[in-house]
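J.: mind folding the following:
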Amino acid sequence: MRKSGDEKKGYQIEKKGDVLLLTIWGMWDDALAENYRKDMLAMYPDMKPGPWFVIADIRRFPPQREPVQAIHGMLMGAAVQEGMARAASVVESSLTKMQIGRIASESGMSELAFHTSVDSAIAWVRSEPVAG
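T.: Sure thing, here's the model as predicted:
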């Protein structure tokens with residue numbers, strides 16, 4: 001497990017078999033976003049050979065500044081290149097959903113869904129065979 005931040009802003013990245021479970025919260029500064037970038041990229045080789053999935057609990061992650069959005073977009077594109085087959089975001093805010101949907105689309109991530117609970121997100125990523 002990798003994590004950084006405090007009660008106000010931060011993240012936790014946990015490998016659960018073929019799933020990277022992310023919990024992300026608060027308004028990030030550039031230093032936290034850079035730590036996240038490094039930690040996420042370090043996790044990708046552990047997910048091989050794939051396919052693998054991402055569940056991101058972003059219920060406490062409001063829309064972010066452009067530099068933070070750019071890092072998230074780069075990581076989404078890199079995840080797809082590294083064998084990630086499907087991702088689900090757990091959201092409550094429609095504004096956060098819109099921002100993440102846009103970033104995912106721009107990064108080339110086609111298999112993304114939004115859920116209101118981690119359990120439903122996990123069920124969705126495993127609901128059907130991954131296209132080969």
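J.: from Gln99, how far off is Phe114?
T.: When Cβ to Cβ, to the nearest Å is applied, the distance between Phe114 and Gln99 equals 12 Å. For the C-beta atoms, the positions are set from N, CA and C on the backbone; glycine is no exception.
J.: which positions in the helix or strand bottoming out on mean pLDDT in the chain come out as buried?
T.: Among the secondary structure pieces of the chain, namely its helices and strands, helix 94-107 has the lowest mean (mean pLDDT, DSSP states H and E), a mean of 77. For helix 94-107, the neighbour count (16 or more other Cβ atoms under 10 Å) marks Thr96, Gln99, Ile100, Ile103, Ala104, Ser107 as buried.
J.: what bridges to the closest residue to Ala42 other than its chain neighbours?
T.: Nearest-residue entry for Ala42: Arg2, 7.3 Å, with adjacent residues in sequence omitted and distances by Cβ to Cβ, 6 or more residues apart in numbering. Beta-bridge partners for Arg2, by DSSP bridges, are Ile13.
J.: where along the chain do the strands fall?
T.: With DSSP state E as the definition, the chain shows strands at residue ranges 2-5, 10-16, 19-25, 52-60, 84-90, 112-115.
J.: mean neighbour count, distance to Leu41 and mean pLDDT for those - can I get that in CSV?
T.: Putting the strands of the chain into CSV (neighbours: other Cβ atoms under 10 Å; distance: least, Cβ to Cβ, whole Å; pLDDT from 0 to 100) gives the following:
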stretch, mean neighbour count, distance to Leu41, mean pLDDT
strand 2-5, 15, 11, 96
strand 10-16, 17, 11, 97
strand 19-25, 20, 12, 96
strand 52-60, 22, 13, 94
strand 84-90, 22, 13, 91
strand 112-115, 16, 19, 83
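J.: among these, which comes closest to Tyr36?
T.: Between Tyr36 and the strands of the chain, the shortest separation by Cβ to Cβ is 5.5 Å, and it involves strand 10-16.
J.: how far off centre is that closest one?
T.: When C-alpha coordinates are averaged (Cα atoms, centre = their mean, to the nearest Å), strand 10-16 and its chain have centres 10 Å apart.
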